[in-house]
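[1] Task: produce atomic coordinates for the following.
(one chain, ligands or ions: 1)
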Amino acid sequence: MHQSKIWLSSPHMGGTEQKYIQEAFDTNWVAPLGPNVNGFEKDLENYLGGQVFVGALSSGTAAIHLGLLLLGVQAGDEVLCQSMTFSASANPILYLGATPIFIDSEVKTWNLCPDALELAILDRIKKGKKPKAIIAVHLYGVPYQIDAIRTIADNYQIPILEDSAEALGSTYKGIKCGTFGDISVLSFNGNKIITTSGGGAIVTHSVAIKEKAVFYATQSRDNAPHYQHSEIGYNYRMSNICAGIGRGQMKVLDNHIDLRRLMHDFYVSLFESVDGVDVFCVPSDDYFANYWLTAITVDPIKTNGLDREVFRLALESAAIESRPLWKPMHLQPIFKSYPYYGHKIAESLFQQGLCLPSGSNLTQADRTRIKDIILTLFN
Ligand SMILES: *Cc1c(COP(=O)(O)O)cnc(C)c1O
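    As a prediction, this is how the structure comes out:
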């Protein structure tokens, strides 16, 4: 029998999205501005809590690009960046003509290693250049070591660009991810915890910075009746149609988090008694993860030679998608000539790690299919 594909993470509509799109059509707000854009921004500001201002943009990547620009990154500058991440965290450094300096992860959160970060800062200063920004990522929805990274950033007075693309709804000590950076970034790509079909947002603590981001995102038009430009502009604003999807998705965000965490619980109990397979979990009660994706690490020495590829191929043969962890940026052909600081933690995680189907729309039947494949591997 042909079985439908089980995806790693696929869009999951809540039901009210089309109402907002219909409204946009009815009122002819079919443009990169309009009531849904403003409404979605307000929804996000309320959700994140605290004094934040949100600018809705065309993608998370665009938000990182404008975020770095707003932090003053220019051609020739150096930017510290978590190596284990999606390439979209690092590409905007190159858009600006700046140089990425890649930093290893630590084993507790898989995110920026504070020791490697500080070592890199000291070494870059010694070599003559203080880095302009730190890009810190909450991989798979698990917050990075917020306090330790903030302490280092403040000590050396280097701002943080918080890449919270995977962590909407995650918290650290009760405070929402997406509010910890000097500038923070969200993504609503099709595979994220909520989607606008494609989109992102910049989050700041200053209304002036938000307004400047929107200015850049709408072609940097000076205040004049004709088109006049004193700065480089970008076409990065979110459309009112996409924002309508976002408004509908905000109504189901907390439900999606519950369902993603249910998938995580499912894998925790599935692998509980399996020697050599560890499910990636938050390190303490200070951390709350949306578990956007559940990831495991597989130690073939303890599993009698079953490595993560054996898992991946077994799942693939049953039309179940899984994927190795993000390949570290300092190992990517495009980035391999840039400096890297660390002890190959990210490398070994990449060798052993696998992301498993984690969508909020997976069913009991899907879980049974996944479980059966995993159990046959151990028989
Ligand atoms: C998805 C993602 C991005 C990019 O977001 P887009 O909206 O797809 O441009 C950036 N960083 C991380 C860590 C991501 O997972």
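[2] Going by C-alpha atoms from here, please, whenever you check contacts or count neighbours.
    Noted.
[3] list the contacts for the residue of the stretch 201-350 of the chain found nearest the ligand?
    For the stretch 201-350 of the chain, the residue closest to the ligand is Ala201, as judged by CA to the nearest ligand atom, at 8.4 Å. Applying CA atoms under 8 Å, 6 or more residues apart in numbering to Ala201 gives the contacts Val54, Gly55, Ala56, Leu57, Ser58, Ser59, Gly60, Ala63, Val185, Leu186, Ser187.
[4] what's the burial count for the last one?
    Read it as Ser187. Residues lying near Ser187 (other CA atoms under 10 Å) number 31.
[5] ok, now the one 5 residues further on?
    Counted with other CA under 10 Å, the burial measure for Lys192 works out to 24 neighbours.
[6] ok, it to Gln249 distance?
    Lys192 sits at a distance of 11 Å from Gln249 (criterion: CA to CA, to the nearest Å).
[7] returning to what we had before: avg pLDDT for the helix or strand the residue of the stretch 201-350 of the chain closest to the ligand falls within?
    Per DSSP states H and E: Ala201 is located in strand 200-204. What strand 200-204 shows for mean pLDDT is 98.
[8] let's number from 21 now, not from 1
    Will do, 21 is the new start, and the previous item becomes strand 220-224.
[9] Check which element follows it along the chain.
    Proceeding N to C from strand 220-224, the next assigned helix or strand is helix 227-237, under DSSP H and E.
[10] Now do that next one, average pLDDT.
    The pLDDT scores in helix 227-237 average 98.
[11] what's near enough to touch Ile265?
    Counting by CA under 8 Å, 6+ apart, Ile265 touches Glu37, Gln38, Tyr40, Ile41, Thr215, Thr216, Ser217.
[12] Can you get me a residue count around the fifth one?
    For Thr215, the number of neighbouring residues by other CA under 10 Å comes to 26.
[13] In contact with it, which residues?
    Taking CA under 8 Å, 6+ apart, we find Thr215 in contact with Pro31, Ser207, Phe208, Asn209, Ile265, Gly266, Gln269.
[14] got it, and the third one?
    When contacts are counted by CA under 8 Å, 6+ apart, Tyr40 is found next to Asn56, Ile261, Gly264, Ile265, Arg267, Gly268.
[15] Check which helix or strand the third one maps to.
    Using DSSP H and E, Gly264 sits within helix 260-270.
[16] And the ligand, is that helix touching that?
    No - for helix 260-270, no contact with the ligand is found by CA under 6 Å from any ligand atom; the gap never falls below 12.4 Å.
[17] by contact count, what packs against the very next helix or strand once past that helix?
    Later in the chain than helix 260-270, the nearest helix or strand by DSSP H and E is helix 273-291. Helix 273-291 sits against strand 297-299, strand 314-318, with contacts defined as 3 or more CA pairs under 8 Å, 6 or more residues apart in numbering; DSSP states H and E.
[18] Pull out the buried residues from helix 273-291.
    Within helix 273-291, the residues that qualify as buried are 273-274, 276-277, 279-284, 286-288, 291, counting by 16 or more other CA atoms under 10 Å.
[19] go on, stretch 219-238?
    By neighbour count with 16+ other CA under 10 Å, stretch 219-238 contains the buried residues 219-225, 229-230, 232-238.
[20] Name all residues that make contact with Pro348.
    By CA under 8 Å, 6+ apart, the neighbours of Pro348 are Ser103, Met104, Thr105, Ala366, Glu367, Phe370.
[21] is it true that Ala108 touches Ala82?
    No - the pair Ala108 / Ala82 is not scored as a contact, 9.2 Å apart, by CA atoms under 8 Å.
[22] Name the residue in the two with the higher neighbour count.
    Using other CA under 10 Å as the criterion, Ala108 and Ala82 rank with Ala82 on top: 23 against 15.
[23] got a list of what that one touches?
    Residues in contact with Ala82 (CA under 8 Å, 6+ apart) are Gly220, Tyr256.
[24] Single out the residue in the stretch 171-320 of the chain that lies closest to the ligand.
    Relative to the ligand, the nearest point of the stretch 171-320 of the chain is Ser207 (4.1 Å; CA to the nearest ligand atom).
[25] follow-up on the earlier one: now secondary structure and distance to Leu397 too, for the contacts of Ile265, in TSV please.
    Shown next, in TSV, are the contacts of Ile265 (DSSP: H, G, I helix; E, B strand; the rest coil; distance: CA to CA, whole Å):
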residue	secondary structure	distance to Leu397
Glu37	helix	41
Gln38	helix	43
Tyr40	helix	46
Ile41	helix	46
Thr215	coil	34
Thr216	coil	38
Ser217	coil	36
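[26] Okay, the nearest residue to His158 once chain neighbours are set aside and Leu100: tell me how far apart.
    What sits nearest to His158 in space, not counting adjacent residues and going by CA to CA, 6 or more residues apart in numbering, is Tyr164, at 5.4 Å. Tyr164 sits 15 Å away from Leu100, taking CA to CA as the criterion.
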